[in-house]
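Q: got a predicted structure plus its sequence, pasted below:
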Amino acid sequence: MNKQKLIKAVKMILEAVGEDPKRQDLLETPERVADMYAEILSGLSADPKKELEVVLDQKHEEIVLLKDIPLYSICEHHLLPFIGRAHVAYIPKGGRVTGLSKIARVVEILSRRPQVQERLTTQIATVIMETLKPLGVMVVIEAEHLCMSMRGIKKPGITTVTSAVRGVFKENEKTRSETLALMKGGR
Ligand SMILES: Nc1nc2c(ncn2[C@@H]2O[C@H](COP(=O)(O)OP(=O)(O)OP(=O)(O)O)[C@@H](O)[C@H]2O)c(=O)[nH]1
Ligand SMILES: [Zn+2]
């Protein structure tokens, strides 16, 4: 990421809104904001497929579900956060089971990019399908968009739910509803 360009851009925003970037308490703000963008958009320079190269070779051809993965992403329309939880289920095939943390890392990398919730949901499913080649994948994301809470329509508390369903989860209604029940369970 081009830190100097980010610093310049933040100074310009401060000037444009009528602030003085030379004001004592604002002196370090452009650099802080530049570092913040580098951190919250760090997924732009990472490859989520690499995370799934770790395969544990476990003979498990049943549901593996990570639920309530905390999610912070950036809406690409307003560059404001959308915040929520991701639930990711897959059914391994041929012993291709990945480390649990690797699924959360895929969510992390793809969410730390300018996103829309639908695309983020689809991308998580696609990366897992293409790399692990499981029997199926199901991804559900529930999130609140600050662009709808703190500006614009100003309706806090709306949860947007998106899903992406692949393979056996799409073909088999029983597997899909069992997984949905597991995703909702315990809350
Ligand atoms: N489908 C989808 N829409 C999103 C997402 N994040 C933000 N949006 C919407 O993107 C739209 C952008 O609409 P525009 O009319 O171009 O922008 P705007 O005038 O700022 O819209 P308002 O938010 O309605 O004030 C808005 O309706 C947002 O709610 C997302 O993840 N998925
Ligand atoms: Zn937005």
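A: On my side now, so go ahead. Numbers count the residues shown, from 1 in each chain. Ligands and ions are numbered 1, 2, ... in the order given.

Q: past the lengthiest helix in the chain, which element shows up next along the chain?
A: In the chain, assigned by DSSP state H, the helix with the most residues is helix 117-132. Downstream of helix 117-132, the next assigned helix or strand under DSSP states H and E is strand 136-145.

Q: tell me which residue is most central in this structure.
A: residue 111 (2.8 Å; CA atoms, centre = their mean).

Q: roughly how far out does the longest helix of the chain sit from the chain middle?
A: The chain centroid and the centroid of helix 117-132 are separated by 10 Å under CA atoms, centre = their mean, to the nearest Å.

Q: thinking again about what came up before, quick one, what contacts the residue nearest to the centre of the chain?
A: Contacts for residue 111 were tallied using CB atoms under 8 Å, 6 or more residues apart in numbering; they are 43, 71-73, 86, 120. Yep, even glycine has a C-beta here, placed from its N, CA and C like the rest.

Q: repeat that with 7 Å
A: Neighbour list for residue 111: 43, 71-73, 120 [criterion: CB atoms under 7 Å, 6 or more residues apart in numbering].

Q: buried ones among the residues you listed?
A: 43, 71, 73, 120 (16 or more other CB atoms under 10 Å).

Q: that older thread, now, the contacts of residue 111 that are in helices?
A: Mapping these onto helices (DSSP H) picks out residue 120.

Q: and of the contacts of residue 111, the nearest to ligand 2?
A: For the contacts of residue 111, the closest approach to ligand 2 (CB to the ion) belongs to residue 73, at 10.5 Å.
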